[in-house]
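Asker: Sharing a model that was predicted from the sequence below.
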Amino acid sequence: MKDFLLEKLSELKNIDNVQRFKTEKSQIVEIDSQQKAYNKLKEILGDIMTIDEINEKKPEKDEYGVGL
């Protein structure tokens, strides 16, 4: 469930999901709306789970790695 919700959150951040409009004003409204939706969903998910993974997945350290 957590992976699903984080995937949906990252989809809101994806620029490919922005609908294209002919007028500049309409395009600005679309981008602002998408950004607000992302921020609101991130806030909601942050209240119910940790969402550090959305920023950047850090590779786990290999405790057996030498000189890495």
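Answerer: Nice, I can see it.
Asker: Low-confidence bits of the protein, can you list those?
Answerer: Regions of the chain meeting the criterion pLDDT under 70 cover residues 53-68.
Asker: Residue 9: neighbouring residues, count only.
Answerer: 19 (other C-beta atoms under 10 Å). (Each C-beta comes from the backbone N, C-alpha and C, glycine too.)
Asker: quick check: longest helix of this structure.
Answerer: helix 24-48 (DSSP state H).
Asker: Buried residues, stretch 20-40. List them.
Answerer: When burial is assessed from 16 or more other C-beta atoms under 10 Å, stretch 20-40 yields the following buried residues: 34, 38.
Asker: can you tell me which residue is nearest the centre of the chain?
Answerer: Within the chain, one residue has its C-alpha closest to the average C-alpha position: by C-alpha atoms, centre = their mean, that is residue 10, at 3.0 Å.
Asker: Regarding stretch 11-21, how distant is the last residue from the first?
Answerer: Terminal residues of stretch 11-21 are spaced 19 Å apart (C-alpha to C-alpha, to the nearest Å).
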